[in-house]
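1. sequence first, predicted coordinates after that:
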Amino acid sequence: MLNLSRAARLVGVPRGLLQQYVKEGRLESFDGMVSTESLLSAFPAVNFDEDPVFERMARIKEEAFGKRVRERILPDREVLSARLYEQSKELADYRHHLERYHAIVVHALEKLKDLSAARPEIADLAKWLDQQLEEALVTEAPDKLDAMEAYLRIVSAHVELRPSGREFFVEGSDTLLEAALRAGIPVNYGCSNGNCGLCKARLVSGETRQVRHQDYFLSEAEKNSGHLLACCHTAVSDVVIEALEAGRPDDIPLQQIETRVKSVEILGKIARVTLQTPRSSRLRFLAGQSANLADSQYFIASCPCEDRNIEFHIPEEDAASGLKKGEVVLLTGPSGKFVLKEHSGREPLFIASGTGFAPIKSLAEHAVALDTFSSILLLREPDCYLSNLCRSWEAALDNFGYIETDELSDALPELHGRDVYVSGPPDFVERTKAILIGKGLPQNQLFTP
Ligand code: FES
């Protein structure tokens, strides 16, 4: 049996889609777990020979986000050997149990045979057991999903966070902190460098290993109770950890960071500026928030899951659009409450116009990273900037839809069960709100910056 996160990885679909399948009765589940058989019958088209799951995952992420996934897909040697050792122990344990059960059954068979001369029904039972043993010895082709699952457990570890119950995977040489942020989970942290202690977490079960140097001192009592620094440790086996998370914008402190302009890309009348933070002081923010640079407030267009690269979309008339590569820029933030309602139980619909796309891009990328939605829909006007990026999301992700339209009213999906996020020039936002309310969208499902 597999948990939904692992099952989703095996067939290469978002976890939200599997949850939807379970809800609709298209996939059987028992206590939140699914069997490899039911998974294969729900996704018969999955072909591991032609489309191995890792190739597919890497391709989706590369196409959609341009991340250099392959570079970090394998854990370092020590973590890999520790995971192999864990699997070997489990295998040896199974083998030992199987040999014991086999010996017990063979012994029972001998006893039955001794008794069978006087009792024909016992002779029948002995014959049946003999046949079963013979059949059990015929080696069947291994279940491909089981084999792939064992492989996944070597290259990545599953993490459950308490008390929120969120889940994510640690891949390659990522620390627990890096993996959580990549999965869109706003865990507490500060320096990401082993100095401040803000990422302190407690290991509840499983095994971790320190992979980065740390200067922050943990007391003996803390070590004995399983405390560790998430920015310096990785997961060796599947683990459960207790960690603090930012639930609301107010949980994140205001920060001031000296950044450097990494790139400036001119997209028609908009400059796409990417700032890079120092390794030891990254900007903590929630998707949809803004920050101040060059004395103006701009929405952050990148996902908090993007390591140190903070993206902004700046209109050409603003002085900040003239920033040059390599320039030092002071960044202050974050601020704003236009954030994703992750726990509403509804699917997101994003509607953007002009540079209003910046916070929507951040929210959409965050929604994708969370992997919990079965349907994410984005509507924009025709001929908008970065439309190719939006199309590549739609092509690469099973749960992502993208529509360019002038006729918003006609393109809207069923609004029941949707949270709608609208961003753009004030008149666009007002017009769109009127259309949405006119179509019956409740006010509490409508969000604007
Ligand atoms: S984030 Fe500062 S010690 Fe981990």
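-> Yes, it's here.

2. run through the bridge partners of the residue nearest to E394 when sequence neighbours are not counted.
-> Spatially, and ignoring its direct neighbours in sequence, E394 is nearest to Y402 (4.1 Å; CB to CB, 6 or more residues apart in numbering). In this view, the C-beta of every residue, glycine as well, is placed from N, C-alpha and C. For Y402, the beta-bridge partners are L378 (DSSP bridges).

3. quick check: which ranges of the stretch 51-200 of the chain have low pLDDT?
-> Within the stretch 51-200 of the chain, the stretches with pLDDT under 70 are 51-73, 139-144.

4. so which residue of the stretch 201-350 of the chain comes closest to the ligand?
-> C231 (3.3 Å; CB to the nearest ligand atom).

5. phi, psi of that residue?
-> The phi/psi pair for C231 (degrees, to the nearest 10) reads phi -80, psi -10.

6. the residue nearest to E394 reaches A395, doesn't it?
-> No: look at Y402 against A395 with CB atoms under 8 Å: they stay out of range, at 9.1 Å.

7. okay, those two: which has more neighbours?
-> Ranked by neighbour count (other CB atoms under 10 Å), Y402 and A395 place Y402 first, with 20 against 12.

8. can you tell me the closest non-neighbouring residue to the most centrally placed residue in the chain?
-> Among the residues of the chain, A183 comes closest to the average C-alpha position under CA atoms, centre = their mean, at 3.7 Å. Distances taken as CB to CB, 6+ apart put F168 closest to A183, at 3.5 Å, once the chain neighbours are dropped.

9. which strand or helix spans the one you found?
-> strand 167-171 (DSSP states H and E).

10. buried sites along the longest helix along the chain?
-> Criterion DSSP state H: the longest helix present in the chain is helix 77-115. Neighbour-count burial for helix 77-115, with 16 or more other CB atoms under 10 Å as criterion, is recorded at V79, A82, R83, E86, L109, L112.

11. ok, for A235, nearest residue in space, not its chain neighbours?
-> Using CB to CB, 6+ apart, the nearest residue to A235 is A157, at 3.7 Å.

12. the one you found belongs to a strand?
-> Yes: assessed with DSSP: H, G, I helix; E, B strand; the rest coil, A157 lies in a strand.

13. what bridges to it?
-> V170.

14. quick check: it vs the ligand, distance?
-> A157 sits 19 Å away from the ligand, going by CB to the nearest ligand atom, to the nearest Å.

15. who's in contact with that residue?
-> Residues near A157 by CB atoms under 8 Å, 6 or more residues apart in numbering: R83, F169, V170, G206, T234, A235, V236, S237, D238, V239.

16. including distance to G197, could those go into CSV?
-> Shown next, in CSV, are the contacts of A157 (distance: CB to CB, whole Å):
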residue, distance to G197
R83, 28
F169, 25
V170, 21
G206, 22
T234, 18
A235, 20
V236, 22
S237, 25
D238, 26
V239, 20
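
17. just the ones of those residues in strands?
-> With strands taken from DSSP state E, the overlap with the contacts of A157 comprises F169, V170, T234, A235, V239.

18. how about the residues you listed in JSON lines, adding distance to the ligand and neighbour count?
-> Below are the ones in strands among the contacts of A157 laid out as JSON lines (distance: CB to the nearest ligand atom, whole Å; neighbours: other CB atoms under 10 Å):
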{"residue": "F169", "distance to the ligand": "20", "neighbour count": "20"}
{"residue": "V170", "distance to the ligand": "15", "neighbour count": "27"}
{"residue": "T234", "distance to the ligand": "13", "neighbour count": "28"}
{"residue": "A235", "distance to the ligand": "16", "neighbour count": "26"}
{"residue": "V239", "distance to the ligand": "17", "neighbour count": "22"}
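
19. give me the number of residues near H158?
-> H158 has 20 nearby residues by other CB under 10 Å.

20. that one contacts E167, doesn't it?
-> Yes: using CB under 8 Å, H158 is in contact with E167, at 6.6 Å.

21. hey, what's in contact with both of the two?
-> With CB under 8 Å, 6+ apart, H158 and E167 have common neighbours N3, S5.

22. tell me which parts of this protein are close to the ligand?
-> 189-199, 216, 229, 231 (CB under 6 Å from any ligand atom).

23. which of those residues sits closest to L177?
-> Using CB to CB, C231 comes nearest to L177 of those, at 4.2 Å.

24. tell me where this structure has helices.
-> 4-11, 15-23, 36-42, 53-65, 77-115, 120-137, 144-155, 176-182, 220-224, 357-370, 387-396, 408-411, 426-438.

25. tabulate these (TSV), appending distance to I376.
-> As requested, the helices of the chain are exported to TSV (distance: least, CB to CB, whole Å):
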stretch	distance to I376
helix 4-11	15
helix 15-23	9
helix 36-42	21
helix 53-65	12
helix 77-115	33
helix 120-137	47
helix 144-155	25
helix 176-182	18
helix 220-224	40
helix 357-370	5
helix 387-396	9
helix 408-411	15
helix 426-438	17
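
26. give the contact list for L198.
-> N188, Y189, G190, C191.

27. ok, the nearest residue to S409 once chain neighbours are set aside - how many residues close by?
-> Spatial nearest neighbour of S409, excluding adjacent residues (CB to CB, 6+ apart): I435 at 5.5 Å. Residues near I435, counting by other CB under 10 Å, number 15.
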